[in-house]
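[1] Predicted model and sequence follow; I will ask about them next.
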Amino acid sequence: MKYTALTLAGLLLFSLVSCAPEEEPDSTVQDYTAGVVLTGRPYAFLDENGELRGLEPELLQRMCENSRDNLELKVVTEEEAYQGLMDGSLSIAIGRFIRQTPEEEGAAIHYSDHYLTIYQTVLVPTNSDIKNLDDLEGYRVGVQEGSAGDEALSARKGVFVRRYKHGDEAVEALLKGDIEAVVMGNILAEDYLTRHEEELNELGIRLGTKEYAILSKESTIAWLFNSSLARARGSGLVTELLKKYHEDFVRDDQ
């Protein structure tokens, strides 16, 4: 069977981005480097031993753990990530890069599908009269100080914002009746709703939605990476990693 040069290139790219174990026995082992930006807990951080940990680096490692190719994770700044993609020293980069849609034709940087969606949502008591954002006017609303929820509410007039060091302190105040609502990230909110399902409700509101994706210089790499990413999401890997780093997530700003 004959392959065109384009087909061969596609096969090589597939081994990079999908990390598929079904490789030809005589296929060449490839070395690839992924730039990881330290965006803080629970995404990407250095532990007390200086080891790289977090959802983002482990996501890459777990997606590629069955591959014969070698994937090296390299800690970089955001500027170094973009420069590395441009000069070819990095194959991909990860670090809470917000997916740009629609992508411009001929763009220098390309995005994979999102691996995580974060937005701010509103929690209220089950017996609350608050049904939408406008209803928050005149009420006390808790947020984690300096968070995206804090930023979103600060721009709204007539809302009495109560700032807390951690999101769990805001929820505790809500359960005690000290405030009437809490605005926080959807991942944290899901946990509190599970633990207090008879006491709390979530309004069907999304504030400041952000979709995080992996960057590459070549659009083909970003496109082919999506097949592996879809499997990771379908298998529950992202949810598993969020739970693994849950305590870090609760105790740090989103």
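    Now that the structure is in, tell me what you want to look at. Numbering: from 1, shown residues only.

[2] And the biggest helix by length in the chain, what does it pack against?
    If you go by DSSP state H, the chain has its longest helix at helix 219-234. If you count contacts as 3 or more Cβ pairs under 8 Å, 6 or more residues apart in numbering; DSSP states H and E, helix 219-234 packs onto helix 5-17, helix 55-63, strand 110-111, strand 207-216. Using the backbone N, CA and C atoms, a C-beta is placed for each residue, glycine as well.

[3] residues of that helix that come out buried?
    220-226, 228-229, 232 (16 or more other Cβ atoms under 10 Å).

[4] So among those residues, where is pLDDT lowest?
    Within the buried residues of helix 219-234, pLDDT reaches its minimum at L224, with 67.

[5] where among the helices and strands packed on helix 219-234 is the average confidence lowest?
    helix 5-17 has the lowest average pLDDT among those, namely a mean of 37.

[6] Beyond it, next helix or strand please.
    strand 31-37 (DSSP states H and E).

[7] Y245 contacts G40, correct?
    No. Using Cβ atoms under 8 Å as the test, Y245 is too far from G40 to be in contact (11.0 Å).

[8] Neighbour count for these two, which is higher?
    Y245 (18 against 14; other Cβ atoms under 10 Å).

[9] Nearest spatial neighbour of that one, chain-adjacent residues omitted?
    P42 (3.4 Å; Cβ to Cβ, 6 or more residues apart in numbering).

[10] next one: phi and psi at the spatially most central residue of the chain?
    Among the residues of the chain, the one closest to the centroid is L116, at 3.7 Å (Cα atoms, centre = their mean). Note on L116: its backbone torsions stand at phi -160, psi 140 [degrees, to the nearest 10].

[11] Show the contacting residues for R206.
    Counting by Cβ atoms under 8 Å, 6 or more residues apart in numbering, R206 touches 119-121, 186.

[12] Return the distance of the closest residue in space to V159 that isn't next to it in sequence relative to E65.
    Leaving aside its sequence neighbours, V159 sits nearest to L136 (Cβ to Cβ, 6+ apart; 5.1 Å). To E65, L136 is 45 Å away according to Cβ to Cβ, to the nearest Å.

[13] Neighbour count: the two, which is higher?
    The neighbour comparison of L136 against E65 (other Cβ under 10 Å) goes to L136, with 23 against 11.

[14] Could you double-check that the more buried one lies in contact with I130?
    Yes. The pair L136 and I130 qualifies as a contact (Cβ under 8 Å) at a distance of 6.4 Å.

[15] Need the residues touching each of those two.
    In contact with both L136 and I130: 122, 181, using Cβ under 8 Å, 6+ apart.
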